[in-house]
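Trainee: Fold the following and give me the result.
(chains A and B, ligands or ions: 2)
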Amino acid sequence: METPMTSPSQPAVVVTGLNKIFNHGQPNQVDALVDIDLEVQPGEFISLIGPSGCGKSTLLRLVADLLEPTSGAVTINGKSAHQARVDQDYGMAFQQSGLFEWRSVERNIELPLELKGWDKAKRRERAKEMLELVKLPEFAQHMPWQLSGGMQQRVAIARALASHPKLLLMDEPFGALDEMTREHMQAELLRICAAAGTTVIFVTHSIPEAVYLADRVVVMSPRPGRITEIVNVGLGRGRTELTREAGEFFARVTEVREALRGIEMADAARGIEDR
Amino acid sequence: MVVAVLPPLVLGVLFLAAWQTWIIVSDVQPYVIPRPTDILASFIDDFDLVWRASLVTGMNALVGLVLGSVFGFVVAVLTNRFRFVSEVVNPLAITIAAIPAVVIVGVLNNMYALDSQIPRRIMVTISVFFVVFVQVAKGLRQNDATQMELMRSYAATPFDTLKKVRLPNTMPFFFTGVRTAAPLALIIALVSEYFGGTQNGLGSKISGTLNSSNKALGFAYVLGGALVGLLFFAGSNLLEYLVVPWRRRARSK
Ligand SMILES: Nc1ncnc2c1ncn2[C@@H]1O[C@H](COP(=O)(O)OP(=O)(O)OP(=O)(O)O)[C@@H](O)[C@H]1O
Ligand SMILES: [Mg+2]
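Mentor: Ligands and ions are numbered 1, 2, ... in the order given. Model prediction:
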């Protein structure tokens, strides 16, 4: 994989003065994001948390160049967000797995590579590698409907990681999973991203999930959407199931919860899972 | 499978038995309504006649079904892809749909040789076209939001998105159209024989023999039509089963 000419200290993602207004000047105008500034370091794991409607998905879509900002800019590894999308510099996963029903598991994973113009042998090889990574090697030939929800989500993550992107953008990817599967997937994701040095921006509604995964938790507030606090987690790398029971973990969970409660005081918070 | 087939089969047999019994008991004359056993005898004896008539009408319906499906699909994709095509096709489609079918066959019959099957085939094609066109157009408008965002994140071209996502997504809609259009194709093929042209198809034979005293033969032709209809039904379902396997699962859920 060729990497752009960058100095080692160059941030992976830089968001400066970002504003997003939907339906500008109309009665249904929404100030979704106001003056967002954020810098993400290479290999860093960022959790985005905040009440429903505070603009988490909008921020992620702006980084992915799936939406145009009203003002401000997003830079990914020194490139514009648009150029980064065209170059397929990032992988993306959503709450819905978005698997293509008519494609087998391995051909789902191959799709982004196909669009990059990789030849078939190379694609097969990579799909196989990715399936081993998400621990589903024997399901290559299966069709999506033959997989459980958690397995489908793992395939979606394998697909997002298939081109070995330096940046991974995830919008509540574990939102539809049960608690057990969810915790298992969290550990897997950390392992995979740590091994590959992937930078991650991860949107979630769950405070423990945000804390367990992240180096920093970005707390957002709604109407208008802005960043109110950034919590440094500082639990280090190599987190295990024991991390979930550590005192320091609970201290950070409390810190994030209080940051969110501050928002709740100011505005009725909706949709925060407190578990 | 057996469980699904058994109830209608039992019902059908009961119905035929009741029919037969009723005619025997109430002493209805065979030139008014024939007995099922007479119809079957006539069907077997004159199978050659029924077969040839079925072939003519079945062929008209099949050609129209295939052409109408292909045109419906292609035009729907083009209208979806290019705005100027939809600006031409939509008003045209509405206009043609508003003309009563009868008039079209009448006009077409005057344009072709007396023994030509082409006017009937055109008639079937037009009817099938609309059914399939509407379904495919609907399918192309319904896309999974996550899949579309993924394609955008892959910087896929509109053509790639069409080929790899939107067309496969549309296939179930296309086959719904074909399944709906299959019986319609046969009906149009039958009825269009009533408006002149050679009288060698099922439609002509049914109307001819049902007015004669050989009612059993008339009903044998009807039976032939029913069998062709069944074939169309089974064929279009089988095709869907083979081409869009992921739908089987979705529907059986
Ligand atoms: N395409 C759009 N058009 C108009 N308004 C939109 C659009 N997308 C989002 N919004 C509005 O922008 C605000 C932020 O939405 P967004 O989806 O980013 O919230 P979120 O934080 O992801 O919420 P949730 O946690 O429920 O997913 C909401 O008020 C929403 O109604
Ligand atoms: Mg969201």
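Trainee: Does residue B:133 touch residue B:93 like I think?
Mentor: Yes - using Cβ atoms under 8 Å, residue B:133 makes contact with residue B:93 at a distance of 7.0 Å. For glycine as for every other residue, the C-beta is placed from the backbone atoms N, C-alpha and C.
Trainee: Quick check on those two: which one has the bigger neighbour count.
Mentor: A count of neighbours by other Cβ atoms under 10 Å in any protein chain shown puts residue B:133 above the other of residue B:133 and residue B:93, at 23 against 18.
Trainee: Now do the same contact list for that one.
Mentor: Going by Cβ atoms under 8 Å, 6 or more residues apart in numbering or on different chains, residue B:133 touches B:71, B:72, B:73, B:75, B:76, B:93, B:177.
Trainee: quick one, phi psi at the first one?
Mentor: Pointing back at residue B:71 there. Backbone torsions of residue B:71, given as degrees, to the nearest 10, read phi -60, psi -50.
Trainee: Neighbours of the residue nearest to it when sequence neighbours are not counted, how many?
Mentor: Of all residues not flanking residue B:71 in the chain, residue B:129 sits nearest, at 5.1 Å (Cβ to Cβ, 6 or more residues apart in numbering or on different chains). Applying other Cβ under 10 Å, we find 25 residues neighbouring residue B:129.
Trainee: related to what we said a few turns ago, export the contacts of residue B:133 as a markdown table, with columns for distance to ligand 1 and secondary structure.
Mentor: A markdown table is the format used below for those (distance: Cβ to the nearest ligand atom, whole Å; DSSP: H, G, I helix; E, B strand; the rest coil):
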| residue | distance to ligand 1 | secondary structure |
| --- | --- | --- |
| B:71 | 36 | helix |
| B:72 | 33 | helix |
| B:73 | 32 | helix |
| B:75 | 31 | helix |
| B:76 | 27 | helix |
| B:93 | 32 | helix |
| B:177 | 32 | helix |
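Trainee: from those residues, which single one is nearest chain A?
Mentor: Among the contacts of residue B:133, residue B:73 lies closest to chain A (Cβ to the nearest Cβ), at 16.8 Å.
Trainee: Would you mind listing what in chain B touches chain A?
Mentor: B:144, B:146-147, B:149-150, B:152-156, B:160, B:164-165, B:168, B:171, B:244-246, B:249-250 (Cβ under 8 Å from any Cβ of the partner chain).
Trainee: Filter the residues you listed down to just the ones in helices.
Mentor: B:146-147, B:149-150, B:152-153, B:160, B:168, B:171, B:245-246, B:249-250 (DSSP state H).
Trainee: which of these tops the neighbour count?
Mentor: Neighbour-wise, those (other Cβ under 10 Å) top out at residue B:150, 28 neighbours.
Trainee: Contacts only, for that residue.
Mentor: A:92, A:94, A:98.
Trainee: Could you report the neighbour count for the second one?
Mentor: The one in question is residue A:94. Residue A:94: 24 neighbours (other Cβ under 10 Å).
Trainee: got a list of what it touches?
Mentor: Residue A:94 touches A:156, A:170, A:171, A:172, A:173, B:146, B:149, B:150, counting by Cβ under 8 Å, 6+ apart.
Trainee: ok, and which of those residues reach ligand 1?
Mentor: Among the contacts of residue A:94, not one lies near ligand 1 by Cβ under 6 Å from any ligand atom.
Trainee: quick one: which two of these are the most distant?
Mentor: A:172 and B:150 (15.2 Å; Cβ to Cβ).
Trainee: Next to ligand 1 in this structure, residues from the stretch 51-200 of chain A, please.
Mentor: So far as Cβ under 6 Å from any ligand atom goes, the stretch 51-200 of chain A lies against ligand 1 at A:52, A:53, A:54, A:55, A:56, A:57, A:58.
Trainee: can we see that at 8 Å?
Mentor: Counting by Cβ under 8 Å from any ligand atom, the stretch 51-200 of chain A comes close to ligand 1 at A:51-61, A:67, A:171-172.
Trainee: which one of those has the most neighbours?
Mentor: Counting by other Cβ under 10 Å, top hit in those: residue A:59 with 30 neighbours.
Trainee: which residues does it contact?
Mentor: Here residue A:59 is in contact with A:15, A:18, A:33, A:36, A:48, A:220, A:225 (Cβ under 8 Å, 6+ apart).
Trainee: May I see the PyMOL selection of the buried members of the residues you listed?
Mentor: With 16 or more other Cβ atoms under 10 Å in any protein chain shown as the criterion, this PyMOL line picks the buried residues out of the contacts of residue A:59:
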select buried, chain A and resi 15+18+33+36+48+220+225
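Trainee: Beta-bridge partners for residue A:45, please?
Mentor: Taking DSSP bridges, one finds residue A:200 as the beta-bridge partners of residue A:45.
Trainee: who's in contact with the residue in chain B positioned nearest to chain A?
Mentor: In chain B, the residue that lies nearest chain A is residue B:146 (3.4 Å; Cβ to the nearest Cβ). When contacts are counted by Cβ under 8 Å, 6+ apart, residue B:146 touches A:94, A:96, A:97, A:98.
Trainee: cool, residue A:182 as well?
Mentor: Residue A:182 touches A:174, A:209, counting by Cβ under 8 Å, 6+ apart.
Trainee: Backbone dihedrals for residue A:37, please?
Mentor: The phi/psi pair for residue A:37 (degrees, to the nearest 10) is phi -120, psi 130.
Trainee: any idea of the pLDDT on residue B:253?
Mentor: With respect to pLDDT, residue B:253 has a value of 40.
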